[in-house]
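Participant: using only what follows, build the 3D model:
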Amino acid sequence: MPKKILRVDMSKLEVKFEDFPSEYAALGGRGLTSTIVSKEVPPDCHPLGPNNKLVFAPGIVTGSAAPTSGRISVGGKSPLTGGIKEANAGTSFSQLLGRLRIAAIIIEGLKKDKDYYLLKVTNDGAELINANKWSGIGLYKAYEQLRKEFGEKVAISGTGIAGELLGAGSGVCFNDLEGLPSRYAGRGGLGAVMASKGLKFIVVDETGAPGVEIADQEIFRAGTKKLRDALMSHDVTKPGGALASYGTDVLINIINEAQGLPQRNFSAGQDDRSANVSGEKKAEEIKKRGGTRPHPCSPGCVIQCSEIWTKPGGKDPVGVLEYESVWSLGPNCSIYDLDDVGELNRACNDLGLDTIEAGDTIAVAMEGGLIEFGDAKGALKLMDEIRKKTATGRILANGTAFTGRAFGVTRVPVVKGQSMPAYDPRAIKGIGVTYATTPMGADHTAGYAIATEIMGVGGQADPRDPKKSELSRNLQLATAVVDSTGYCLFTAFAVLDIPEGLEGMVESVNGVLGANLTVDDIGKIGMQIIEIELEFNRKAGFTKKHDRLPEFLRKEPSPPSNEVFDVPDDELDKVFGA
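Facilitator: Model (predicted):
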């Protein structure tokens, strides 16, 4: 059975399967979502209007036995940036699609009524079901009810109350292995695109699925063994290594020491209290409380950087508290208590909010005087404003830039309308180059320069050196390819240092596709993907002037480093050509 595309027309409430076009045969994940969006979505359309589309695509190897490959790309035109967007999540949902041989789900059109719908996908077909009874409620309750109705083995994707508000800070939520709504393709406001079309949930049941077709089993097995061996031996990714022991939150102390952990809405880069929310501290608490650590975000993940955070006594599990979430809802808001951070993270999961955008939004609201810095209870009340769909809640649901304008704040950490993640680009310049130049808006995952600048992975680079165009470009090209394979970006820690691991990654893709790609092809393929994205953005009105960081980062020194972002414009323009 060949791969297929599932096309869902929300205007007509029709679903149909189409043959997977031969010109797409070597595409998956981000490469496929960006290609479909560029071909089918007018760049000048309104992101919440009838001409935008939302595309779900598992990676090339996703659903197979390849290790740590349960990633899905969600693409469309972003209501947050106004440009092309790919948001990425690790989830069993993607693996089920891969095993059903569904290369992509394309959601198009707009509903003509006020109803919300659920798309049910099985090996026998797909259908739309009225989902009104699950709208207007939190996602924890909704996902629990959906699993009771459709079975505990199904995988779920959904948009929350923030999406129903058409808030540009809303993400697309997937369940974790326990069924909790904690895995997010969070960035860019794609949850609002999903809700605008009237689609509330997608439920996938893989019963009877044929599995991923692998063209050359021998090459595939040899490649996945090389990759697995690399992952199991690298200090960052191996069992008992940094990620398995402490999760992504291990970076709190590391980045704080580097004076690049933004505090109080990017007004400083270091605070000793940050240790209170570190990965080490969190691991201690999880052990005391009976939570789970390490933990896979999807079946087959050998890195296992995820976890289940709970209240004391193992009560009320939240899911994972990622580094970005802990920072944004914690130190960036001058909040240094893990229980406060956990409850804010729970609120974001329940409402369907991207935690990075939400934390930056709260910090900007604090800067604007809505509540005081450090007021965790006040921050939770702001989340309730979104739940109640008040006017204030609607402002907050639309993200950092919108909130900054509403409250007259000048220190607003966004690029192309999307809020910055947990690395101050004044102290760590390369990540700032990525923030500025990626087609995606401020996004650390687009070209993770932290690996080289701070962690010494893939070489060494002085974080204060402003000459970072080549580093950022090379990482952005490689990332575009990894995002297309379905492998987790954290595999890069191992394959950047262990050449056999990178060879194995390429060989595993060859095994699935029956191709003859080499490591030398990675840069070319990555550039092809990014050129598609850059061209879409150019047609949407973007120029080099949009590839810049906010004025305050270029003018205000960040204590204690007292650095500014001093990367020259011509260095930024060199990333993808003047």
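Participant: and the strands in the stretch 351-500 of the chain?
Facilitator: When secondary structure is read from DSSP state E, counting those that start in this stretch, the stretch 351-500 of the chain shows strands at 414-415, 418-419.
Participant: take these and write them to TSV, including mean pLDDT and mean neighbour count.
Facilitator: To be clear about C-beta, it is placed using only N, CA and C from the backbone, and glycine gets the same treatment. Conversion of these to TSV gives the following (pLDDT from 0 to 100; neighbours: other CB atoms under 10 Å):
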stretch	mean pLDDT	mean neighbour count
strand 414-415	98	24
strand 418-419	98	30
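Participant: closest one to Arg101 among those strands?
Facilitator: strand 418-419 (33.2 Å; CB to CB).
Participant: from the contact counts, what lies against that closest one?
Facilitator: Contact here means 3 or more CB pairs under 8 Å, 6 or more residues apart in numbering; DSSP states H and E; on that basis strand 418-419 packs against helix 355-367.
Participant: ok, now which ones touch the residue nearest to Phe493 when sequence neighbours are not counted?
Facilitator: The shortest distance from Phe493 to any non-neighbouring residue, by CB to CB, 6 or more residues apart in numbering, is to Val236 (4.2 Å). By CB atoms under 8 Å, 6 or more residues apart in numbering, the residues touching Val236 are Ala242, Leu243, Met455, Val457, Phe490, Phe493, Ala494.
Participant: where does the stretch 51-200 of the chain have low pLDDT?
Facilitator: For the stretch 51-200 of the chain, applying pLDDT under 70 flags no range at all.
Participant: could I get the strands of the stretch 351-500 of the chain as CSV with distance to Gly342?
Facilitator: Converted to CSV, those look like this (distance: least, CB to CB, whole Å):
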stretch, distance to Gly342
strand 414-415, 26
strand 418-419, 21
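Participant: still on that earlier bit, among the contacts of Val236, who's most crowded?
Facilitator: Ala494 (29 neighbours; other CB atoms under 10 Å).
Participant: residues contacting that residue?
Facilitator: Leu227, Ala230, Leu231, Ser233, His234, Val236, Thr237, Gly501.
Participant: give the buried residues for stretch 197-217.
Facilitator: Judged by neighbour count using 16 or more other CB atoms under 10 Å, the buried positions of stretch 197-217 are 197-206, 209, 212, 214, 216.
Participant: with just CA atoms, put it into PDB.
Facilitator: Extracted C-alpha coordinates of stretch 197-217, given in PDB (Å, rounded to 0.1, in the frame of the first residue of the first chain):
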ATOM      1  CA  LYS A 197     -11.100  26.100  10.400                       C
ATOM      2  CA  GLY A 198     -13.500  24.500  12.900                       C
ATOM      3  CA  LEU A 199     -11.200  21.500  13.600                       C
ATOM      4  CA  LYS A 200     -10.900  20.900  17.300                       C
ATOM      5  CA  PHE A 201      -9.200  17.500  17.500                       C
ATOM      6  CA  ILE A 202      -7.700  14.700  15.400                       C
ATOM      7  CA  VAL A 203      -7.900  11.200  16.800                       C
ATOM      8  CA  VAL A 204      -5.800   8.500  15.200                       C
ATOM      9  CA  ASP A 205      -6.300   4.800  15.700                       C
ATOM     10  CA  GLU A 206      -3.600   2.600  14.000                       C
ATOM     11  CA  THR A 207      -5.400  -0.800  14.400                       C
ATOM     12  CA  GLY A 208      -4.500  -2.800  11.300                       C
ATOM     13  CA  ALA A 209      -1.900  -0.400  10.000                       C
ATOM     14  CA  PRO A 210       0.500  -1.800   7.400                       C
ATOM     15  CA  GLY A 211       3.500  -0.100   8.900                       C
ATOM     16  CA  VAL A 212       6.200   2.000   7.300                       C
ATOM     17  CA  GLU A 213       7.400   0.600   4.000                       C
ATOM     18  CA  ILE A 214      11.100   0.200   4.000                       C
ATOM     19  CA  ALA A 215      12.800  -0.100   0.600                       C
ATOM     20  CA  ASP A 216      16.000  -1.700   1.800                       C
ATOM     21  CA  GLN A 217      15.900  -3.400   5.200                       C
END
